[in-house]
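Participant: Take a look and give me a structure for this.
(3 chains)
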Amino acid sequence: MSMVDGKVNRRRMLGSMGLLGAGAAVTAATVSLPGLEREAGAAPAALQELTNDEMDALHEAGVKAFPAATAGKGGQPLEPQMDGDTKVFVLTCQVVQWEYMPGKTVEAWTYNGAVPGPEIRVTEGDKVRIIVKNDLPFSTSVHWHGLILPNAMDGVPYITQPPIKPGESFIYEWQVREGNTGSHMYHSHHNSAEQTPKGLLGPFIVEPKDKTKLPAYDLEYTMILNDGPIGGYSINGKGFPATEPIVVKKGQKLLVRYMNEGLMIHPMHLHGMPQQVVARDGFLLPSPYMADTIEVDPGQRTDVIIDCTELGVWAYHCHVLSHAEGPTGMFGMVTALIVQE
Amino acid sequence: MSMVDGKVNRRRMLGSMGLLGAGAAVTAATVSLPGLEREAGAAPAALQELTNDEMDALHEAGVKAFPAATAGKGGQPLEPQMDGDTKVFVLTCQVVQWEYMPGKTVEAWTYNGAVPGPEIRVTEGDKVRIIVKNDLPFSTSVHWHGLILPNAMDGVPYITQPPIKPGESFIYEWQVREGNTGSHMYHSHHNSAEQTPKGLLGPFIVEPKDKTKLPAYDLEYTMILNDGPIGGYSINGKGFPATEPIVVKKGQKLLVRYMNEGLMIHPMHLHGMPQQVVARDGFLLPSPYMADTIEVDPGQRTDVIIDCTELGVWAYHCHVLSHAEGPTGMFGMVTALIVQE
Amino acid sequence: MSMVDGKVNRRRMLGSMGLLGAGAAVTAATVSLPGLEREAGAAPAALQELTNDEMDALHEAGVKAFPAATAGKGGQPLEPQMDGDTKVFVLTCQVVQWEYMPGKTVEAWTYNGAVPGPEIRVTEGDKVRIIVKNDLPFSTSVHWHGLILPNAMDGVPYITQPPIKPGESFIYEWQVREGNTGSHMYHSHHNSAEQTPKGLLGPFIVEPKDKTKLPAYDLEYTMILNDGPIGGYSINGKGFPATEPIVVKKGQKLLVRYMNEGLMIHPMHLHGMPQQVVARDGFLLPSPYMADTIEVDPGQRTDVIIDCTELGVWAYHCHVLSHAEGPTGMFGMVTALIVQE
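Facilitator: Got it, this is the predicted structure:
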């Protein structure tokens, strides 16, 4: 079974890295247990036959497998080509098989073959041109969620443009408005309740020219939440233990950009350290506040800053607990913040 | 297949009427097309037989039909009769057949025959008397959600009053408290999980005597959100394309009063322009903030001000995408903000 | 039909006891009436046979039974033993039969035999030791939700500790951090989507050394919201009419600590008086705001202060109406604020 080989390779790869440590001892036999089949489909009958120790072993296997290697990583920066002073990005809509948990693949509808689509990052005032090529077997369109732009660029079929038919392209072009900064998104706006959760989504981040007005942070991480019918509860296109831990040094300030591309609420709870909520939908809050469980409704982006003062491996998950843990272990919307010396 | 013909007929009939033009001319024959039967019931088998172009055509038909004419309009101002210095309103609870989408009617339980019930609008300090006549075949009561009033006027059967039996009336009377201003609601508080979503709901707005403390706006619009088992996802009692567009002049400031009378969250997303959140449940926020996707939980009212700076037709919808679009087009909680010169 | 007789008996028995009076006298015989079987299971067929008056009578019976006596009360203060300057608390995890509505019991998984578990209340800077004994037939662990503590005390099996096996104990010990004050929770973090909603949850409150910085209040009440598969929609482990009214004197300021331990949103609506939102997840808000329907997402704590200016019995319930009322009366997440002279 190819997963076995994958696991062995992984073991070699991860070495002695910590949480990352004894995970390597988990054998393929372990992870092929129902423990990793803990999404919807787990058969109650099978569960009832398990002893408590066997159940615990499945929980352990899941944690020790984290972070589990899977093919494909979404949300990676997309380098623009320059055409004069215009930044040109190309997004190709395509169907791929997406490995969202180790050994589990699903048909995903993607931009450039990954879920989430690539990160588009520009600066306010930039001229941008985004060429969207549709290699899907159905029509689509792209809405730039949070961006202020000419109506014709808004991406709503039959209101602002015709849909992009299979094999066709559409060029979106505008100058990013002064002040239209922060955490935004792009996603399908055609049959969107199906197309977006199935993967046609990505982050669109606009940096201000003057960063001195931003709250201070040392590093940042974008966390796209999804609950698509395909792939289940996910963070950046992966379900635990295939999610990515965030690794920081003690004392660093971490900016997290939550983006909810799903159809449900996902209150994100970080253990160990509170979060300062600093922005909503790209706008700095006039009155930032502290909390530890951050509501993120569908379509919203919430930026928080975490002062990483506490050493250790801290669970980080959606607090709708059924999005994060089942009888045989954690799954779905779970990752970890790892604070190191 | 008749749908193909229907498509042709529709196209011929709709011509180039634009989004706002002859919406009233859409006939029942037109709206019996499958394109407008995109709620829950659409048969997957039938959908699978459609080509991509046929699917797109259904999307187009829905948009081109907007705003589609339907019988009945809720939330219209109710003029009081004066009895001395008391403003007297009469609400009659009655069952009607309510056309919530073109050609689609449902049994609704209403105040004065419309969903939402009529808008009651008074000024702080006003003496109000509301005579509720129950012509329903079952008992009811009215709760004045957000109003501060004597306990006996609160509308909770067996706690503050007996239920209003079929054929009976109840008189609610109080003086609107100083400071108890803003966006409120009235709805059934008897078997309320059924009676309210089925239509026994309406807006209750209290204007301050001194409007100079309000944030500035040029016009206002009340948007009552509902997700009743009957009629589905709706804005002001109608589902797209029978919802009403909001038409403004460029440069106007628009106050939108969101009111959630349903049982689910409805984060409302306006394309093209952000929203300034200025009040919650009738109270001005001490620290207004900007966002583009506004959470509105059941029972809440959130007031926003939109600076209508961008020309065009802007989609405006619930961002729980499954409340707004299906495989054959947009439906339910979708409308548009149209900004004109 | 026995229901008719039941109604008569009930009326005779309840007499004119008012809302608060002889609630304790309601017997199991009384509560076996259909009127109190208004949760999920009520058979539609049976309902259709009821006349409107019979339906109303069931509503009345529910209200008149409030507050209905049930065995067991959760969330009671747990007195620590002192070991030097360390406050020692003992939590025993155990299965009990829990009466969540009159005459209705369910298997609950509890700390010290009650739902919610006992209230742990300490002061910032305190040294605490919590001995958790697992008398459950399955493994568990405890997460101190909102508390800032050493990683090894965080309660996540296989990340920070092994699970606590049946018959075993685990000792959590830390010094409560300066500034880590306010409303927090403890709950299972092992198979948590099942264990927590089934009762392994409780309040953890940290008082500041200097209370002068807190907003002023005269008395406080903790309201733990839950929507477990077992026991249904509940406030502090009970469903209406077995929930507990909050009784205050006119003019008192009441602090309510909302804690959501369930899997759904519960916007809490108090009739008659607004609520000032003063804290989130234990942190005072820099900009408190007024509202009457307070969103509380899973894992969140929201503190409000209610200025109890209005005399009377005021309904107080989740405004997802289907969590609070059915065809035969109120149930679940309903209680009352009673303001007396």
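
Participant: Can you give me the neighbour number for the residue nearest to residue A:138 when sequence neighbours are not counted?
Facilitator: Distances taken as Cβ to Cβ, 6 or more residues apart in numbering or on different chains put residue B:52 closest to residue A:138, at 4.9 Å, once the chain neighbours are dropped. Placement of C-beta: from N, CA and C, glycine included. With neighbours defined by other Cβ atoms under 10 Å in any protein chain shown, the count for residue B:52 comes to 14.

Participant: Over to residue A:279?
Facilitator: Quick note: residue A:279 (other Cβ under 10 Å) scores 24 neighbours.

Participant: hang on, it is in a strand, isn't it?
Facilitator: Yes. Applying DSSP: H, G, I helix; E, B strand; the rest coil, one finds residue A:279 inside a strand.

Participant: how near is it to chain C?
Facilitator: Per Cβ to the nearest Cβ, to the nearest Å, residue A:279 is found 15 Å from chain C.

Participant: same thing with residue A:206?
Facilitator: The value you get for residue A:206 to chain C, if Cβ to the nearest Cβ is used, is 26 Å.

Participant: For stretch A:312-322, the averaged confidence score.
Facilitator: Stretch A:312-322 carries an average pLDDT of 98.

Participant: actually stretch A:82-97, not the one I typed
Facilitator: 98.

Participant: And the pLDDT at the closest residue to residue A:276 other than its chain neighbours?
Facilitator: Of all residues not flanking residue A:276 in the chain, residue A:305 sits nearest, at 4.8 Å (Cβ to Cβ, 6+ apart). Looking at residue A:305, its pLDDT is 98.

Participant: ok, now residue A:24?
Facilitator: Residue A:24 carries a pLDDT value of 26.

Participant: near chain C, which residues of chain A show up?
Facilitator: Contact residues, chain A versus chain C (Cβ under 8 Å from any Cβ of the partner chain): A:19, A:52-53, A:55-56, A:59-60, A:63-64, A:265, A:267, A:269, A:271-274, A:286-293, A:295, A:310-315, A:319-322, A:324-327, A:336.

Participant: Narrow those residues to those that are buried.
Facilitator: Among the residues of chain A next to chain C, the ones that count as buried by 16 or more other Cβ atoms under 10 Å in any protein chain shown are A:19, A:55-56, A:59-60, A:63-64, A:265, A:267, A:269, A:271-274, A:288-293, A:295, A:310, A:312-315, A:319-322, A:324-327, A:336.

Participant: contacts with chain B among those, please.
Facilitator: Restricting those to those touching chain B (Cβ under 8 Å from any Cβ) yields A:265, A:295.

Participant: number of nearby residues for residue A:249?
Facilitator: 11.

Participant: I meant to write residue A:210 there.
Facilitator: Residue A:210 has 9 neighbouring residues, counting by other Cβ under 10 Å.

Participant: repeat for residue A:268
Facilitator: Using other Cβ under 10 Å, residue A:268 has 25 other residues around it.

Participant: On the pLDDT front, check it for me.
Facilitator: Residue A:268 carries a pLDDT value of 98.

Participant: Look up how far chain B lies from it.
Facilitator: Relative to chain B, residue A:268 is positioned 15 Å away (criterion: Cβ to the nearest Cβ).

Participant: for residue A:253, same thing?
Facilitator: Distance of residue A:253 to chain B, computed by Cβ to the nearest Cβ: 22 Å.

Participant: residue boundaries of the helices in chain A?
Facilitator: Remark: helices assigned in chain A by DSSP state H are A:2-14, A:28-31, A:44-48, A:52-65, A:192-195.

Participant: Out of the ones you listed, which gets the lowest mean score?
Facilitator: Ranked by mean pLDDT, the helices of chain A end with helix A:28-31 at the bottom, a mean of 26.

Participant: Tell me if I'm right that the residue nearest to residue A:276 and residue A:275 touch.
Facilitator: Yes. The criterion here is Cβ atoms under 8 Å, and residue A:305 meets it with residue A:275 at 7.2 Å.

Participant: need the contact list for residue A:128.
Facilitator: By Cβ atoms under 8 Å, 6 or more residues apart in numbering or on different chains, residue A:128 lies in contact with A:80, A:86-89, A:120, A:122, A:172-176.

Participant: Which positions in the stretch 201-341 of chain A make contact with chain B?
Facilitator: Going by Cβ under 8 Å from any Cβ, the residues of the stretch 201-341 of chain A near chain B are A:263-265, A:280-283, A:285-287, A:295, A:297-300.
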